[in-house]
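*Asks:* Generate a structure from the sequence data that follows.
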Amino acid sequence: MKDDSDICHVCGMEADPGVASVEYHRMYFYFCSEQCRETFLENPGLYAAGPPAGRKEILKRRTLHLAQAPDEEVAGLLVSYLGDLMGVKEVSIEGERLHVSYDLLRVTEAQIEEALTEVGLQLDDSWRERLRRAWVHDTEEIELKNLTAKPSSCCNKPPGSSD
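*Replies:* Numbering: from 1, shown residues only. The predicted structure is shown next:
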């Protein structure tokens with residue numbers, strides 16, 4: 001029988017002993033990849049409750065605009081590279097538009113953008129695109145933080161009131 005140290009708390013896969021563990025509330029958490037470790041560190045309260053056995057997906061579909069359209073060989077490599085990220089469901093490229101579907105509980109648009117810059121691709125740097133990306137990053141962060149929030153008291157009454 002596997003215990004919690006054998007399972008990644010972000011994606012549910014088998015933990016890799018080569019990935020550094022994290023101590024959170026005097027408990028140690030183990031991960032299958034550095035990506036899952038980073039995802040946990042961004043929102044530990046969301047993932048500390050246990051492995052994602054019954055956790056639902058939060059699917060997002062985004063279009064990222066690249067500075068220039070990649071040639072066919074680079075596009076194929078890019079689709080393969082992004083497809084290997086945890087949580088990425090579908091990737092396609094149309095000219096300078098990169099369409100990606102992903103599970104927000106496993107990867108964020110910011111992490112996808114970081115992966116793009118790691119392979120040397122530049123995103124459209126116009127003010128409109130920078131603003132759109134900042135808005136998406138903010139809304140995704142708020143959505144993840146809201147998932148960790150405890151429900152408030154009912155009917156706008158302070159906790160413990162008898163009325």
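*Asks:* So the most centrally placed residue in the chain versus residue 73, what's the distance?
*Replies:* Using C-alpha atoms, centre = their mean, the residue of the chain that lies closest to the mean C-alpha position is residue 107, 1.9 Å off. According to C-beta to C-beta, to the nearest Å, residue 107 stands 25 Å off from residue 73. Yep, even glycine has a C-beta here, placed from its N, CA and C like the rest.
*Asks:* can you pull the buried residues of the helix or strand where residue 128 lies?
*Replies:* Assigned by DSSP states H and E, residue 128 falls within helix 127-148. Counting neighbours by 16 or more other C-beta atoms under 10 Å, one finds that the buried residues in helix 127-148 are 132, 133, 136, 140, 144.
*Asks:* which among these gets closest to residue 113?
*Replies:* For the buried residues of helix 127-148, the minimum distance to residue 113 (C-beta to C-beta) is 6.9 Å, reached by residue 133.
*Asks:* Would you confirm that that closest one contacts residue 124?
*Replies:* No: applying C-beta atoms under 8 Å as the test, residue 133 and residue 124 come out as separate, 9.2 Å apart.
*Asks:* Figure out how far the least confident helix or strand in the chain by mean pLDDT is from the centre of its chain.
*Replies:* One helix or strand of the chain scores below all others by mean pLDDT, DSSP states H and E: helix 44-47, with a mean of 80. Relative to the chain's own centre, helix 44-47 is displaced by 12 Å; criterion: C-alpha atoms, centre = their mean, to the nearest Å.
*Asks:* Same question for stretch 58-65.
*Replies:* Put simply, stretch 58-65 sits 12 Å off its chain's centre (C-alpha atoms, centre = their mean).
*Asks:* Around residue 24, how many other residues sit close by?
*Replies:* 15 (other C-beta atoms under 10 Å).
*Asks:* Which residues does the helix holding residue 128 contact?
*Replies:* Surrounding helix 127-148, the residues in contact under the criterion C-beta atoms under 8 Å, 6 or more residues apart in numbering are 42-43, 45-46, 58, 60, 62, 64-65, 104-105, 108-110, 113, 123.
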